[in-house]
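1. How does the following fold in three dimensions:
(2 chains)
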There are 2 protein chains.
Amino acid sequence: MGRSYISLDIGGTKVLGAIFDENNNIVYRVKKKTKAEEGFLKIEERIIKLVNELISESGMDKNSLTAIGAGAPGIIDEDKGEIIYTPNLPWRNYNIRSVIEDRFKVPFYIGNDVKMGVLGEWKYGAGVNRKNIVGIFVGTGVGGGIIIDNKLYTGAHHSAGEVGHMVLNTEGPYCNCGQRGCLEAYSSKIAIAREIKSQIAMGRKTVLKDLMEDNIMNIRSKALKKALDEKDELVIEVLDRAIYYLAAGAGSLVNLFNPEMLILGGGVMEAVGDYILSGVKERIKRFAMPDILNGTSIIKSALEDDAIVYGALALMIDKTSRK
Amino acid sequence: MGRSYISLDIGGTKVLGAIFDENNNIVYRVKKKTKAEEGFLKIEERIIKLVNELISESGMDKNSLTAIGAGAPGIIDEDKGEIIYTPNLPWRNYNIRSVIEDRFKVPFYIGNDVKMGVLGEWKYGAGVNRKNIVGIFVGTGVGGGIIIDNKLYTGAHHSAGEVGHMVLNTEGPYCNCGQRGCLEAYSSKIAIAREIKSQIAMGRKTVLKDLMEDNIMNIRSKALKKALDEKDELVIEVLDRAIYYLAAGAGSLVNLFNPEMLILGGGVMEAVGDYILSGVKERIKRFAMPDILNGTSIIKSALEDDAIVYGALALMIDKTSRK
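-> As a prediction, this is how the structure comes out:
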C-alpha cells in the first residue's frame, strides 16, 4: 500500500486542496470558496468537508492517508499547529491541529502560506539544491520566506520573513500594517490597485476600467496581464513603479542575506511575472552591492499556484520522517 | 599546561591584540597602529611583530598557544582563512592563514570583524543563550552580524549581514557603496560628520569645532560624547537624525528576522550608547510590527571594544574543538 498526503492552501477567499501520491505527484485537486464571512465554525466545517470530498471523489484508498498538511496566512506556530493570528480569517490562537487530527486520525501540520510556498520551491521547484534562498511573494500583500542552511527560518516567535514590511521610504505612503513606506505599500496588488484607482479618478483612461466593472480595488491579476498585453499606458506606468520598489526591497534583501537565489512568486507574478522579472533584474543593480548580486540568481516561482500545497507536502514529509 | 589563545582585531587604523587564558579571560593586551599606508607586506610584518610582542612581553608559555584568531574588515572566506576584499587595507584575495600558520605553527582562523563582534556578544557578552540575534555596529560605517539557530550566518558567499546597505529611502543621500539612501549614509560616523560639517560651513556654532581642530570628517566618537554632555544643539540635532534612521533600519531588521535580541555596538555606541539606545527604543515603534517588536530585547553591546577579540576567540574554540 502506497502513502498519500492531503495538502491544503487555505486562503482568505479560496481553499485549494490536493492529493499527493508517494512520488510527490498531485493526483487529484479541488478548489472551493473559503466563505470567511460565514465565521469561525463554518470555515472549519468547510475544510473538513473539503478533505472528505477529496477522499471520496478521488477514490483514493483512505488507509493510505499518511498526513494532512496546510498553509494559511498569518502568524502560525508550526510546532503546536496553532494559528496565532491571521489577517483575513476569523482565527486567533486557534489550534487547528487538534480539530483535524481528532476528525481524521492522521498527523496534521500547518505553516504560514508564503513560507510554505518558499519551502515548496526549495524542495520541489525553482530552488532545488540551493542552501540559502529568499522568496518574495507578491499577491494581495507582499510576503516572504527565507531558507537558511537548508532549513526554513521562522525566527524567535514564528514571525520572521516579513519582507513586505521593510521600510523603503521612511516617510512613504501608509501601509496596511500602520507604518509608512513599506514594500507592501508600493508593490502589492492592493497598492497597484490604489494607484490605478487614483488615476482613474483623475480622468485617465485604461482598459482596466471595462475589465474591472465597478470594484477597481478587487483588481484581478489576470486583468493586469490583459491590460499589459494591450500596452495600457496607465497599467504599465503603475506596474513600473511597483517594480522599482520591488527591486529596492529585493536589493536590500540580497545585501542582508547574500542568498544563492531570490525567488519571485505569488499571484501578481503568476499573471505578469516575465514583465516584473526582467524589470526587477534591471533595476536591482541600483540597490544591491554588485559583488553580492553577482552570486545571486533571480528567478520566477516554478510551482506557481501549487507552491503552497507543495510546501505543505515538504513539511509533512519532513515531520513524519523524523518520527 | 593550560591552553591560551591570541586574538587580533585588525582595523584600518589600529590592531588590538589580546591573549586569552583557558578560562576566556584576557590576561594581556596591546594596541598598535596598523599603518595601512605603508602597504601590503608592512602590515603583514607588523601583525607578526605584534604577535611576537604579545608572546614575549606577556611572558606566556609559548607552548600553551593553541590557536591565533582575528577579525578584519571586509569580505572574508572563513573556511579558507582568506581575505577576499577589505575596504581600508590593501589586501585582495590574500590568504593570511597560510602566512600566520607558517610563521607560528598553530591553527589560524579569521572572520569579518563585525560578524566576529556579534559572535563575541552571543558567546560571551550580551547575547548569551539567545538563539537568534541581529547585531548592528555603528562606527566609521555601519556593519552587521546575524546569529541564526545558534550559528553565525554568513550567506552563500561570505557576504551576508550588510545591514548598513539596506535602503531606507530610495532617493536618499549617496552612500559610500555607490547606492543611495542606505542606513550607512544616515547613521555612520562619516554621515554624522558630514552633516555637522555642512552646518558648520553654514555658520552654525558647535563645541565640536574646538574639539576637532581642522579635520571635522575625522570626528572622534569621544568628541561626540563630550559635545552631547555639553548639550551642544547641533550635535543633538544631528545625532537625533542618525537615531531616527537607525531605528528605521532596526525596525526592518526586526520584521525580517524576528530575533530574540537586537544588539547595538560599535565605536559610536561605545561613546554615546545610552543616548542612542533610548532613542532607538522609542523610535523603532514607528517601523517594527508591534507583535514582533514585543518579543525582541534591544540592548547595547556588553563587550564594547573587546567584542571582536572575543568573537575571534569563539571562532577559534569552535574550530579547534571540532577537529
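
2. Quick check: end-to-end length of stretch A:76-89?
-> With CA to CA, to the nearest Å as the measure, the ends of stretch A:76-89 fall 13 Å from one another.

3. how far does that stretch sit from the chain's center?
-> 15 Å (CA atoms, centre = their mean, to the nearest Å).

4. go on, stretch A:93-100?
-> Distance, stretch centre to chain centre, for stretch A:93-100: 21 Å (CA atoms, centre = their mean).

5. go on, stretch A:44-54?
-> 22 Å.

6. List the buried residues in it.
-> Within stretch A:44-54, the residues that qualify as buried by neighbour count (16 or more other CB atoms under 10 Å in any protein chain shown) are A:Glu44, A:Arg46, A:Ile47, A:Leu50, A:Val51, A:Leu54. For glycine as for every other residue, the C-beta is placed from the backbone atoms N, C-alpha and C.

7. what does stretch A:278-293 give?
-> For stretch A:278-293, by 16+ other CB under 10 Å, it's A:Gly279, A:Val280, A:Lys281, A:Arg283, A:Ile284, A:Phe287, A:Ala288, A:Met289, A:Ile292, A:Leu293.

8. Kindly indicate which of those residues lies nearest B:Leu152.
-> Nearest to B:Leu152 among those: A:Ile292, at 17.1 Å, using CB to CB.

9. My read is that A:Asp306 contacts A:Glu121, right?
-> No - contact status for A:Asp306 versus A:Glu121: not in contact, 10.2 Å apart, counting by CB atoms under 8 Å.

10. More neighbours: which of these two?
-> A:Glu121 (31 against 21; other CB atoms under 10 Å in any protein chain shown).

11. Contacts only, for the more buried one.
-> A:Gly127, A:Ile133, A:Gly135, A:Ile263, A:Gly265, A:Ser301, A:Ala302, A:Leu303, A:Ala307, A:Tyr310, A:Gly311 (CB atoms under 8 Å, 6 or more residues apart in numbering or on different chains).

12. now, the most widely separated pair of the residues you listed?
-> Using CB to CB, the two most remote members of the contacts of A:Glu121 are A:Ile133 and A:Tyr310, lying 14.3 Å apart.

13. and the stretch 51-200 of chain A, which residues reach chain B?
-> Counting by CB under 8 Å from any CB of the partner chain, the residues of the stretch 51-200 of chain A close to chain B are A:75, A:85, A:131-132, A:144, A:146, A:148-149, A:151, A:153-163, A:165-170, A:177, A:179-180.

14. same thing but 6 Å
-> Counting by CB under 6 Å from any CB of the partner chain, the positions of the stretch 51-200 of chain A adjacent to chain B are A:132, A:148, A:155-157, A:159-160, A:162, A:165-170, A:177, A:179.

15. what ranges do the helices span in chain A?
-> Under the criterion DSSP state H, chain A contains helices at A:40-58, A:96-104, A:113-124, A:184-187, A:189-201, A:208-211, A:221-229, A:233-257, A:267-283, A:290-294, A:307-322.

16. State the distance from A:Ala307 to A:Ile284.
-> Relative to A:Ile284, A:Ala307 is positioned 22 Å away (CB to CB, to the nearest Å).

17. residues contacting the residue of the stretch 51-200 of chain A found nearest chain B?
-> Of all residues in the stretch 51-200 of chain A, A:Gly155 sits closest to chain B, at 2.7 Å by CB to the nearest CB. By CB atoms under 6 Å, 6 or more residues apart in numbering or on different chains, the contact set of A:Gly155 is B:Asn258.

18. Can you tell me how far it is from B:Val114?
-> According to CB to CB, A:Gly155 and B:Val114 sit 21 Å apart.

19. Excluding residues flanking it in the chain, which one is nearest the residue nearest the centre of chain A?
-> With distances taken as CA atoms, centre = their mean, A:Val114 lies nearest the centre of chain A, 3.7 Å away. Nearest in space to A:Val114, with sequence neighbours left out and distances taken as CB to CB, 6 or more residues apart in numbering or on different chains, is A:Gly143 at 3.3 Å.

20. How many residues are close by the nearest residue to A:Leu183 once chain neighbours are set aside?
-> Computed as CB to CB, 6+ apart, the closest residue to A:Leu183 that is not its neighbour in sequence is A:Gly249, at 4.0 Å. Using other CB under 10 Å, the number of residues around A:Gly249 comes to 30.

21. do the one 3 residues further on as well
-> Around A:Ser252 there are 30 other residues, counting by other CB under 10 Å.

22. I'd guessed it sits against B:Asn169; true?
-> No - shown here, A:Ser252 and B:Asn169 do not form a contact pair, counting by CB atoms under 6 Å, at 11.7 Å.

23. Tell me the pLDDT of the nearest residue to A:Glu53 once chain neighbours are set aside.
-> Take A:Glu53 and drop its neighbours on the chain: the residue closest to it by CB to CB, 6+ apart is A:Val30, 6.3 Å away. Looking at A:Val30, its pLDDT is 92.
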